[in-house]
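>>> the sequence and its predicted three-dimensional model are supplied below.
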Amino acid sequence: MLDEFGITDPRVRSIFLNSAIERRGLTLPPLLPDGSRATETQGELLRKHRAGGLAMGREAIEACLKDAGASLEDIRYLCVTTTTGLLTPGFSALLIKELGLDVHTSRLDVVGMGCNAGLNALTAVASWANAHPGELALLVCIEACSAAYVFDGTMRSSVVNSLFGDGAGALAVMAPATADGPSDPAGTTPATPATEPAEEPEGPAGADPALLKFSSCIIPEAVGAMRYDWDDSHGKFSFYLDPEVPYVVGAHAETALDRLLAGTGLLRSDISHWVIHSGGKKVIDAVRANLGLSRHDVRHTTGVLRDHGNVSSGSFLFSYERLRAEGVTAPGEFGVLMTMGPGSTIEMALVSW
């Protein structure tokens, strides 16, 4: 990327080279006759968001259904999250048309919530599934982050440009049908992220977990620390990340976890598996330090960051897929899903196998 865009500023190069990211999926601006890259307008970026998002979303949904042994005809509820563009109608309606889903499919679009959106939306998906036992609900996270880039050589933009990548993931949720009515939301099945081929596990994957509980913690004093707003100087939207974000998130991680575990009788030491958003190297380190986690605990978080960068709302699905492919989970074990994003907000979910 540095060579592609002719970046020579040593400060910017240092940001890219020390990001713990080795590769990302991106849709670059078109090439000009002189070999440089075009500066895209907001309209061109929005078209990139729509075209790339639909392609990735379709691939993620099809991979998820194949893995779950389900078909397009089985989908009864579709919830789509995205932060990298605004479409009306949104991706949920566009995907229903694109995939030929039942026109009576219930749908929800969660737009602009940021990197924490996937888990927040999962609360809605789980609630719908629990109210409709035996029916398939789908969460789809679509992030065409390269449709939200600004190239101006500033340190602010360089941090963002060094971090985010394109990707999509999907998760299938179903509550078991029982004679007594709805029960707890049931196991989930991950999609193959659209930016990488399916990773074949060496052995059988563990059973899918049950969703037990959700918690949310917003940090109002840091409401402006992560934002995606209009930049008058460029005539387009752009991301802003405060340098203090890792420390703000890390400092509130314990509070969010305590809230999640309250009333369950579980201790932090009872959690066997951690699926944490790949927010960036410093964010991961801050969460590790504040929750007392090992490098092994966050192996999939750092692996996804290395191979895909920060894929915004879908990052935790990429990590969950890798955990599931390992086949290391065992009945009776507990896990925590964790995402962080604008607000500033920490979202968590407790699961059990």
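Received, thanks.

>>> what helices or strands is the one helix or strand residue 252 maps to leaning on?
According to DSSP states H and E, residue 252 maps onto helix 245-261. When contacts are defined as 3 or more C-beta pairs under 8 Å, 6 or more residues apart in numbering; DSSP states H and E, helix 245-261 sits against strand 210-218, helix 281-291, strand 334-341, strand 345-352. In short, each C-beta sits where N, CA and C put it, glycine included.

>>> SS state for the spatially closest residue to residue 71 that is not a sequence neighbour?
Leaving aside its sequence neighbours, residue 71 sits nearest to residue 65 (C-beta to C-beta, 6 or more residues apart in numbering; 6.1 Å). Of the three states, residue 65 takes helix under DSSP: H, G, I helix; E, B strand; the rest coil.

>>> neighbours around residue 65, how many?
Per other C-beta atoms under 10 Å, the neighbour tally for residue 65 reads 22.

>>> wait, isn't residue 353 in contact with residue 332?
Yes: when contacts are counted by C-beta atoms under 8 Å, residue 353 is listed as touching residue 332 (6.9 Å).

>>> neighbour count winner among these two?
More crowded of residue 353 and residue 332, by other C-beta under 10 Å: residue 353, with 17 against 8.

>>> tell me the spacing between the more buried one and residue 325.
Residue 353 is 15 Å from residue 325, where distance means C-beta to C-beta, to the nearest Å.

>>> got it, and residue 216?
Distance from residue 216 to residue 325, by C-beta to C-beta: 28 Å.

>>> could you check which of those two has the larger neighbour count?
Per other C-beta under 10 Å, whichever of residue 216 and residue 325 has more neighbours is residue 325, with 19 against 16.

>>> pLDDT (mean, whole number) over the host helix or strand of that one?
In this structure, residue 325 sits in helix 315-326 according to DSSP H and E. Averaging pLDDT along helix 315-326 gives 97.

>>> just to revisit the earlier point, send me the helix holding residue 252 as PDB with only the CA atoms.
In PDB, the C-alpha atoms belonging to helix 245-261 read as follows (Å, rounded to 0.1, in the frame of the first residue of the first chain):
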ATOM      1  CA  VAL A 245      -9.200   5.200  22.300                       C
ATOM      2  CA  PRO A 246      -7.200   2.100  23.400                       C
ATOM      3  CA  TYR A 247      -6.900   3.300  27.000                       C
ATOM      4  CA  VAL A 248     -10.500   4.400  27.200                       C
ATOM      5  CA  VAL A 249     -11.800   1.000  26.100                       C
ATOM      6  CA  GLY A 250      -9.300  -0.800  28.200                       C
ATOM      7  CA  ALA A 251     -10.200   1.100  31.300                       C
ATOM      8  CA  HIS A 252     -13.900   0.200  31.000                       C
ATOM      9  CA  ALA A 253     -13.500  -3.400  30.000                       C
ATOM     10  CA  GLU A 254     -13.700  -4.700  33.500                       C
ATOM     11  CA  THR A 255     -16.900  -2.800  34.200                       C
ATOM     12  CA  ALA A 256     -18.500  -4.300  31.100                       C
ATOM     13  CA  LEU A 257     -17.400  -7.800  32.000                       C
ATOM     14  CA  ASP A 258     -18.600  -7.500  35.600                       C
ATOM     15  CA  ARG A 259     -22.000  -6.400  34.300                       C
ATOM     16  CA  LEU A 260     -22.200  -9.400  32.000                       C
ATOM     17  CA  LEU A 261     -21.300 -11.900  34.700                       C
END
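
>>> helices of this structure, residue ranges please.
Along the chain, the stretches classed as helices by DSSP state H are 10-17, 42-68, 91-99, 117-131, 155-161, 245-261, 281-291, 299-308, 315-326.

>>> list the buried residues in the third one.
Going by neighbour count (16 or more other C-beta atoms under 10 Å), the buried part of helix 91-99 is 91, 92, 93, 94, 95, 96, 99.

>>> and the longest one, by the same measure?
Neighbour-count burial for helix 42-68, with 16+ other C-beta under 10 Å as criterion, is recorded at 42, 45-46, 48-50, 52-65, 67-68.

>>> same question for the fifth one.
Going by neighbour count (16+ other C-beta under 10 Å), the buried part of helix 155-161 is 156, 157, 158, 159, 160, 161.

>>> got it, and the first one?
Within helix 10-17, the residues that count as buried by 16+ other C-beta under 10 Å are 12, 15, 16.

>>> again with the fourth one
For helix 117-131, the neighbour count (16+ other C-beta under 10 Å) marks 117-126, 128-130 as buried.

>>> would TSV of the residues you listed with pLDDT be doable?
Shown next, in TSV, are the buried residues of helix 117-131 (pLDDT from 0 to 100):
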residue	pLDDT
117	96
118	97
119	96
120	94
121	97
122	98
123	97
124	97
125	98
126	97
128	98
129	97
130	96
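
>>> now distance to residue 274 too, for the residues you listed, in CSV please.
Formatted as CSV, those follow (distance: C-beta to C-beta, whole Å):
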residue, distance to residue 274
117, 20
118, 16
119, 13
120, 19
121, 20
122, 16
123, 19
124, 23
125, 21
126, 19
128, 26
129, 24
130, 25
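
>>> so how far is residue 87 from the residue nearest the centre of the chain?
Note on the chain: the residue nearest the mean C-alpha position is residue 314, at 1.9 Å, using C-alpha atoms, centre = their mean. Note on residue 314: its distance to residue 87, by C-beta to C-beta, is 17 Å.
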